[in-house]
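Peer 1: here is a sequence together with a model predicted from it:
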Amino acid sequence: MAVTDRSARVALVGTLDTKGAEYQWMADRLAGHGVAVTMIDTGIREPHGFTGPIDIDQRRVAAAAGRDLEELRGRGDRGVATAAMGEGAAAVLAELLSAGELDGVLALGGSGGSAIAARGVRDLPIGLPKLIVSTMASGDVSPYVGASDVTLMYSVVDIAGINQISREVLGNAAAGIAAMATARLGRASEPVADDRPLIGASMFGVTTPAVDAARERLEELGYEVLVFHATGSGGRALEALARSGLLAGVLDLTTTELADDLVGGVLSAGPDRLTAAGASAVPQVVGLGALDMVNFGPRDTVPHEHDDRLFFIHNDTVTLMRTTAAENAELGARVGAKLAAAASPTVLIVPRGGVSALDAEGQPFRDEAADAALFDAVLTAVAGSSVVVVDDPANINDPQLARRAADELHALIGKAE
């Protein structure tokens, strides 16, 4: 490991009005591991049980969110206070990172403390250690993880005092974050092993040939390609990375999550999908990949309102439903509006031969009328904008079209430099 001239620094983010003693115990454990601690108090009442220094107090956290602590106390609205202190935590953590004083984040909490911490770490870069010990970590953790690489550890017992169980769990958490932060600090001083420009790409099983061919071409051109599976969480991760400033470009050939968002499938990435690159001026090449389908779980879980639709049983746990011409027209309008509003140089790929492997000639989802509705709507929406259109007779998985998409992105990046 590389030698550094300082100890790793871990930010403890927590509500000292309710968890002061537990945070004091954690601060002592971290000190024992040779880690420097920055204590950030995200509670709104007076601290209780914490005897060490509070580096960033409640008032500073509230102010970082543009709120007044006394006003939050006076409202008596726990939800408002939680949201405000989460925003404040995010702001102060960003300041610490910018100042080079953050190597990891650790938080403890129930639902409220976990929500504050999750918002606090959400925008921190991938690779910066983020560990939340939570009573909520054994259920649906998507609200806390989002698109970040945050690590959740189930507390087993409530975080209410140090006992035989919590001592083991919290002790492991302290050792874990200390090791992760120390390792990351060491890596920061090592030579960069691979500094190729990064490309974010979206892929689904039915667009894999296209993305594989485009990825190979981009690697030939000197890029490193990060592929995201378009399963909702993958799309959100791609959007987050596009906002982070780490990407040289985005190859968003697979925008299928928008169909799930429109129709109510299980793999939606939310209504903001396909906006981050445009808002961040990141060059993008966008396709209409897999907009011929909406994703559901097992066939018997599909809402009965869709019983008369065309389905393809991918496997026992995945059912695909063909989008209609009306749905495709709406999807085309939505995609086109987002691209037309983008501040980034943008190329749109229109594959007349089908938008997925299932939409190829002779395949079960081939529907030329539905595809035409998609293509007409998206082209109408981008007409008169700066979006460059590649209108091609091939299926999206045609290797020549995929390589052209890669070349188009390379050209956009070159012009943007």
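Peer 2: That came in fine, so what should we check first?

Peer 1: and the strands in the chain?
Peer 2: Secondary structure of the chain, counting by DSSP state E: strands at 9-14, 36-41, 104-109, 130-134, 151-154, 198-203, 224-229, 247-252, 284-286, 293-296, 311-315, 318-322, 346-351, 388-392.

Peer 1: redo those as CSV? Include mean neighbour count.
Peer 2: Bear in mind the C-beta positions are built from the backbone N, C-alpha and C, glycine included. CSV is the format used below for the strands of the chain (neighbours: other CB atoms under 10 Å):
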stretch, mean neighbour count
strand 9-14, 27
strand 36-41, 22
strand 104-109, 28
strand 130-134, 27
strand 151-154, 17
strand 198-203, 25
strand 224-229, 18
strand 247-252, 28
strand 284-286, 28
strand 293-296, 26
strand 311-315, 13
strand 318-322, 21
strand 346-351, 24
strand 388-392, 15
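
Peer 1: so which of those gets nearest residue 335?
Peer 2: Residue 335 lies closest to strand 284-286 among the strands of the chain, at 7.3 Å (CB to CB).

Peer 1: sheet partners, orientation included, of the closest one?
Peer 2: Its sheet considered, strand 284-286 pairs with strand 247-252 (parallel), strand 346-351 (parallel) by DSSP bridges.

Peer 1: quick one: closest of the strands of the chain to residue 375.
Peer 2: Nearest of the strands of the chain to residue 375, taken as CB to CB: strand 346-351 at 5.5 Å.

Peer 1: how about the CA coordinates for that closest one, as PDB?
Peer 2: C-alpha atoms of strand 346-351 as PDB (Å, rounded to 0.1, in the frame of the first residue of the first chain):
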ATOM      1  CA  THR A 346     -26.800  14.400 -29.200                       C
ATOM      2  CA  VAL A 347     -27.200  11.800 -31.900                       C
ATOM      3  CA  LEU A 348     -30.400   9.800 -32.200                       C
ATOM      4  CA  ILE A 349     -30.300   6.300 -33.700                       C
ATOM      5  CA  VAL A 350     -33.500   5.200 -35.400                       C
ATOM      6  CA  PRO A 351     -33.300   1.500 -36.300                       C
END
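
Peer 1: who touches it?
Peer 2: 253, 278, 283-288, 336, 339, 375, 378-379, 382, 386-392, 394-396, 398, 401, 405, 408-409, 412 (CB atoms under 8 Å, 6 or more residues apart in numbering).

Peer 1: in this protein, what spans have low per-residue confidence?
Peer 2: 1-4, 189-194 (pLDDT under 70).

Peer 1: re earlier: any chance of JSON lines for the strands paired with strand 284-286, columns distance to residue 359?
Peer 2: Converted to JSON lines, the strands paired with strand 284-286 look like this (distance: least, CB to CB, whole Å):
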{"stretch": "strand 247-252", "distance to residue 359": "18"}
{"stretch": "strand 346-351", "distance to residue 359": "9"}
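
Peer 1: who wins for proximity to residue 19 among the ones you listed?
Peer 2: That would be strand 247-252 among those, by CB to CB, at 37.3 Å.

Peer 1: compute the inter-axis angle for that closest one and strand 224-229.
Peer 2: Angle, strand 247-252 to strand 224-229, by axes from the mean of the first three to the mean of the last three CA atoms, to 10 degrees: 40 degrees.

Peer 1: quick one on the thing from earlier: closest to residue 45 out of the strands paired with strand 284-286?
Peer 2: strand 247-252 (41.9 Å).

Peer 1: restricting to C-alpha, output the closest one in CSV.
Peer 2: Only the C-alpha atoms of strand 247-252 are listed here, as CSV (Å, rounded to 0.1, in the frame of the first residue of the first chain):
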residue,chain,number,x,y,z
LEU,A,247,-18.1,10.3,-18.1
ALA,A,248,-16.7,11.5,-21.4
GLY,A,249,-19.8,10.3,-23.2
VAL,A,250,-23.0,8.2,-22.9
LEU,A,251,-24.0,5.4,-25.4
ASP,A,252,-27.6,5.1,-24.3
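
Peer 1: domains in the protein, by residue range?
Peer 2: 9-188, 198-416 (automatic domain parsing).

Peer 1: mind putting the strands of the chain into a markdown table with distance to residue 169?
Peer 2: Converted to a markdown table, the strands of the chain look like this (distance: least, CB to CB, whole Å):
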| stretch | distance to residue 169 |
| --- | --- |
| strand 9-14 | 15 |
| strand 36-41 | 19 |
| strand 104-109 | 10 |
| strand 130-134 | 7 |
| strand 151-154 | 7 |
| strand 198-203 | 35 |
| strand 224-229 | 32 |
| strand 247-252 | 37 |
| strand 284-286 | 43 |
| strand 293-296 | 36 |
| strand 311-315 | 37 |
| strand 318-322 | 35 |
| strand 346-351 | 48 |
| strand 388-392 | 54 |
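
Peer 1: looking at those, which is nearest to residue 264?
Peer 2: Here strand 293-296 is closest among those (CB to CB), at 7.6 Å.
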